[in-house]
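In: Show me how the following folds:
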Amino acid sequence: MPSIYSSPIAWLNRPYLDLAPINGGSPHLYKVEFSYRHLISETRVPYRVQVSLPTSFRESVIRETGMTQYQVDHPLQLANELRTERWQTLCEYLSHYQELKPVTKLLVINLLSSLCLHRTVLEYVPKMSAAEIASDSGLAALAFCRAMSNLILHIDAGKPYSLEEFEIIATHAPSGDRVKINATHQLLVEYAKTFKDVAKAEFWGSVLIKEIQEIKPSLDDFSYKLLMSIYCRAIVFIPLLNRDKEKVVQEMELCQSYAESLIGENEEQQIVAYENQNIILESRTKEALWLGDFDLAEERIRKAVERDPFDPRYRLELGQVLINQDRIEEAAKAYRSGTKLGPPGTAVAWFMAGQCYQSLGELDMACDCYLAAVHVDPLAISPVKRLTGLATDLGNSVLANWSQLRLTELQAQKQRILEEGERSFTAEVSFKRKTSREAVTA
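Out: So this is what the prediction gives:
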C-alpha cells in the first residue's frame, strides 16, 4: 500500500488525509491549516479562505494516489496507526462534542468542512428552526455551516436543492450578525448564477448591501474591503443577466480595486487576500470572454496560472481560452499540464486534452488521453463515448468492443444513480459547479 511520500500529489494534499501541517500549495490547503489553528487556539476571525471543496475532491485525491487506507466518512473511522497527533486531537473533540462550548463546536465544524467531510457536518449539526436561529448567533452560525455542507453535497451529487435553509437564516438571524450576511450573499449568488432569477437576486442584493453598511463601523479596514470586493463580484451577476456590458465592467473594476487595496498584516490575511485576487482574475477572464476580448482573457488567466501554479483549475480555464482562439495545440499543452497537478479536474483535463489531439488528427495521442481519463475516473462516460468511435478508426477492435460494452454499462448505472440519488464521478457533470463553492466570510 502506498505511503504519503509515494506521490507528490498525496504529499501536497496531505492535510486532507491526516491533518498534517501544510506543505505549501494553493489557498484551499491553507484553509485546513488555519481551521485547525483556530480550533486549538479557540479563536475566530471575520474572514476565511473562500473556496469550499466538495467530498468528491478528497475522494479524488485518495483514488488518484491509491491512498485508500485514508478513505473514511468520519474522522473516528481512520485507523489508529494512520492518525497524526492533529487528527487524534480532532477525534477527541468529536468524541466529546456535546460537552463543548458553542464557539468550540463551531470551530470543530469549520474544520470538518475544510476537510471536505460534509456528511460528518450534517451528522453533528441538526437542522434548526427559525426561532433557534433568531435566538442565538452561535446556533445561526452552525445552521449556516450545515446549509453550506448540504448545498455542496447536493451539487456534488448532481441533485436539485432548496435554498430554504439559507432563506431562514437570512430572514431570522439578528440584523448586523455576520452569518446573516453570509446567508444573504449565498442567496444572491444562487438566485443569479444558478437559477437566473433577476428579481430575487436584486432583492437579496439590496438586503446584502444594507447589512454590510450596518456592520461597517464594527469592521477593520481589511474585513470591510474584503467584504465589499466579494459583494461586487456577486452583484455583477445581475447586470450580466441583463446583458449590461458597461455595468458589468464597472462592477468588476470596483471589485478589483477593493481587492488590490487589501493589505494583509498576518499570514492568514495575506493568504485570504491572495486567494481573493486569484478568484477575481478568473472572474475577469470570464468577463473578457463574455465581451469577446480573447487576448485580454488570455492575459488574465495566464496571470492566474502564474500566481497559483498548483491549482489545475486555472490551467483548464487557460485551455478553454486557447480553444476559443483556435490555438488547439497550445490548449492541449495547457490541459496536459493540468493533469500533473492532481484534483480537482484531473479526468476533465485528460478528456479535454484528448479532444484537442483528436481535433488535430493525432488519434493515438487522443486515445491515450481518453484512456487516462477513464483510469482516473472509472465512472466517466464522456471519454468512453469518444473511445467507441476512435477505437474503430484506429482499427482496434478489442478496445472498440470493450468501450461499447462499458458505455452500455455506464449508461445503465447513470440511470440507476439518478433514480437512487447517489453520487458519481462523471466528467460531463459541470466541473466548476462540482469542484468548489465560495463562501463570503467565516
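In: Could you list the low-pLDDT ranges of the stretch 51-200 of the chain?
Out: Across the stretch 51-200 of the chain, nothing is flagged by pLDDT under 70.
In: where along it do the helices fall?
Out: 55-65, 85-95, 102-114, 118-124, 130-135, 137-157, 164-172, 178-189, 198-215 (DSSP state H, counting those that start in this stretch).
In: Can you give me the buried ones in the fourth one?
Out: I take that to be helix 118-124. Neighbour-count burial for helix 118-124 flags H118, T120, V121, L122, Y124 (criterion: 16 or more other Cβ atoms under 10 Å). For glycine as for every other residue, the C-beta is placed from the backbone atoms N, C-alpha and C.
In: picking that back up, which stretch among the helices of the stretch 51-200 of the chain comes nearest Y274?
Out: Across the helices of the stretch 51-200 of the chain, Y274 has its closest neighbour in helix 102-114 (17.1 Å, Cβ to Cβ).
In: Please point out which parts of the closest one sit buried.
Out: Neighbour-count burial for helix 102-114 flags K105, L106, L107, V108, I109, N110, L111, L112, S113, S114 (criterion: 16+ other Cβ under 10 Å).
In: Could you give the secondary structure assignment for the spatially closest residue to the last one that is not a sequence neighbour?
Out: Read it as S114. Distances taken as Cβ to Cβ, 6 or more residues apart in numbering place S35 nearest to S114, at 4.3 Å, with adjacent residues excluded. At S35 the chain is in helix, as set by DSSP: H, G, I helix; E, B strand; the rest coil.
In: Can you pull the phi and psi angles for D136?
Out: phi -150, psi 120 (degrees, to the nearest 10).
In: three-state assignment of R416?
Out: helix.
In: sorry, back to before: which two among the buried residues of helix 118-124 are spaced furthest apart?
Out: H118 and Y124 (11.1 Å).
In: Would you mind listing the residues touching both of the two?
Out: Shared contacts of H118 and Y124, defined by Cβ atoms under 8 Å, 6 or more residues apart in numbering, are found at L112.
In: what about the residue of the chain positioned farthest from its centre, distance to D364?
Out: Here the chain reaches farthest from its C-alpha mean at G395, the gap being 40.4 Å by Cα atoms, centre = their mean. The spacing between G395 and D364, counted by Cβ to Cβ, to the nearest Å, is 11 Å.
In: go on, A331?
Out: 18 Å.
In: Among the two, which residue is more densely surrounded?
Out: A331 (25 against 11; other Cβ atoms under 10 Å).
In: That one: which element?
Out: Using DSSP states H and E, A331 maps to helix 328-339.
In: How about the contacts made by the residue nearest to L106 when sequence neighbours are not counted?
Out: The shortest distance from L106 to any non-neighbouring residue, by Cβ to Cβ, 6+ apart, is to A141 (5.3 Å). By Cβ under 8 Å, 6+ apart, A141 lies in contact with L106, R178, V179.
In: Let me have those residues in CSV, extended by distance to A10.
Out: Below are the contacts of A141 laid out as CSV (distance: Cβ to Cβ, whole Å):
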residue, distance to A10
L106, 30
R178, 36
V179, 35
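In: which of these lies closest to Q213?
Out: So of those, ranked by how close each gets to Q213 (Cβ to Cβ), first place is R178, at 13.9 Å.
In: and the closest one, how many neighbours?
Out: R178, neighbours per other Cβ under 10 Å, totals 24.
In: thought S403 was touching P383?
Out: No - in this structure S403 lies outside contact range of P383 using Cβ atoms under 8 Å: 9.1 Å.
In: what about these two, which has more around it?
Out: P383 (28 against 24).
In: Distance-wise, check the more buried one relative to T89.
Out: Distance from P383 to T89, by Cβ to Cβ: 41 Å.
In: Contact partners for I238?
Out: A192, V198, A201, E202, G205.
In: export those residues to JSON lines and tack on neighbour count and distance to I152?
Out: Below are the contacts of I238 laid out as JSON lines (neighbours: other Cβ atoms under 10 Å; distance: Cβ to Cβ, whole Å):
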{"residue": "A192", "neighbour count": "23", "distance to I152": "18"}
{"residue": "V198", "neighbour count": "16", "distance to I152": "25"}
{"residue": "A201", "neighbour count": "23", "distance to I152": "21"}
{"residue": "E202", "neighbour count": "17", "distance to I152": "26"}
{"residue": "G205", "neighbour count": "23", "distance to I152": "23"}
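In: Sketch out the low-pLDDT regions of the stretch 201-350 of the chain for me.
Out: In the stretch 201-350 of the chain there are no weaker segments when pLDDT under 70 is taken as the threshold.
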